[in-house]
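K.L.:
Need coordinates for the below:
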Amino acid sequence: MKQTEIKTPVQTKVQMQTPKLSRHPVGIMGGTFNPIHLGHLIMADQVMSQLKLEKVLFIPDAQPPHQDEKLTIDAKDRAEMVELAIQGHLGFELDLLEIARGGKSYTYDTIVDLKKHHPLSDYYLILGADMIAYLPTWHKIDELAQLVTFVGVKRPGIKVETKYPVIWVDTPEIALSSTKIRDLVARHCSINYLVPQKVQQYIREKGLYLGK
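P.N.:
Next comes the predicted model:
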């Protein structure tokens, strides 16, 4: 008897494509925040809006590498004021990474930690124009430049040339600094409309910046 050969259909391999995971643009506002003021908040808000960032992390340093430690109040108080200042601001978050780590706070170490725990985030480091000028002096600056995008906030009268790529952002011009606020508090002058009301109340209740 002649046997009929049964052919099985050729199986085709279906290539399964792994869905591409979306990236998350995140801004970083680092610094001593001694104290945080409205200039910080306006800068963060404008950069977040103009660059379409998902959020901005406020990261108070534990021990500033370039400032006099005697003039810097306890990190706990500075972090608490940041928390009070950003309450109700959608997209603003407090990150205590540097305070938890302790010691001198280097931006390179912070970014390495962040990228290790959040590999899908792209970080935008927000800096005033005056800070852009000091980038060559930063710890591991060339390595840092490979990990983040520098965002420079323009300031009146300050023109900066740098070899590092920078996205420049225009924000309302506000001549305000933490140094000025500390000086006003020490002289028992008003800081109304310079810091959020809750921050002003915290400074008053804790008696901060009076022992100048």
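K.L.:
ok but Met48 is inside a strand, no?
P.N.:
No - applying DSSP: H, G, I helix; E, B strand; the rest coil, one finds Met48 to be helix, outside a strand.
K.L.:
nearest residue to it other than its sequence neighbours?
P.N.:
Counting by Cβ to Cβ, 6 or more residues apart in numbering, the nearest residue to Met48 once its immediate chain neighbours are dropped is Val56, at 5.1 Å. Bear in mind the C-beta positions are built from the backbone N, C-alpha and C, glycine included.
K.L.:
what helix or strand is that neighbour on?
P.N.:
strand 55-60 (DSSP states H and E).
K.L.:
my guess is the residue nearest to Met48 contacts Ala44, does it?
P.N.:
Yes - contact status for Val56 versus Ala44: in contact at 4.5 Å, counting by Cβ atoms under 8 Å.
K.L.:
any residues in contact with both of those two?
P.N.:
27, 29, 92, 126 (Cβ atoms under 8 Å, 6 or more residues apart in numbering).
K.L.:
Look at Val151 and tell me its secondary structure.
P.N.:
strand.
K.L.:
ok, back up a step: residues touching the strand holding Val56, excluding its own?
P.N.:
Contacts with strand 55-60, where a contact means Cβ under 8 Å, 6+ apart, come from 26-33, 36, 40, 44, 47-48, 75, 78-79, 82, 86, 91-99, 110, 126.
K.L.:
These in helices, which ones?
P.N.:
40, 44, 47-48, 75, 78-79, 82, 86, 97-99, 110 (DSSP state H).
K.L.:
Name the residues of stretch 91-103 that come out as buried.
P.N.:
Going by neighbour count (16 or more other Cβ atoms under 10 Å), the buried part of stretch 91-103 is 91-92, 94-99.
K.L.:
how far is it from where the chain is centred?
P.N.:
On the basis of Cα atoms, centre = their mean, to the nearest Å, stretch 91-103 sits 10 Å off its chain's mean C-alpha point.
K.L.:
now do stretch 132-142
P.N.:
16 Å.
K.L.:
on that earlier part again, show me which pair in the shared contacts of Val56 and Ala44 is furthest apart.
P.N.:
By the measure Cβ to Cβ, Phe92 and Ile126 form the most distant pair in those, at 12.0 Å.
K.L.:
Now the common contact residues for these two.
P.N.:
44, 56.
K.L.:
Let me see the contact set for the residue lying closest to Tyr209 once chain neighbours are set aside.
P.N.:
Computed as Cβ to Cβ, 6+ apart, the closest residue to Tyr209 that is not its neighbour in sequence is Val185, at 4.1 Å. Neighbouring residues of Val185 by Cβ under 8 Å, 6+ apart: 191, 203, 208-210.
K.L.:
Filter the residues you listed down to the buried ones and express that as a PyMOL selection.
P.N.:
To isolate the buried members of these in PyMOL, using 16+ other Cβ under 10 Å:
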select buried, resi 191+203+208+209
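K.L.:
how many neighbours does the residue nearest to Met48 have?
P.N.:
24 (other Cβ atoms under 10 Å).
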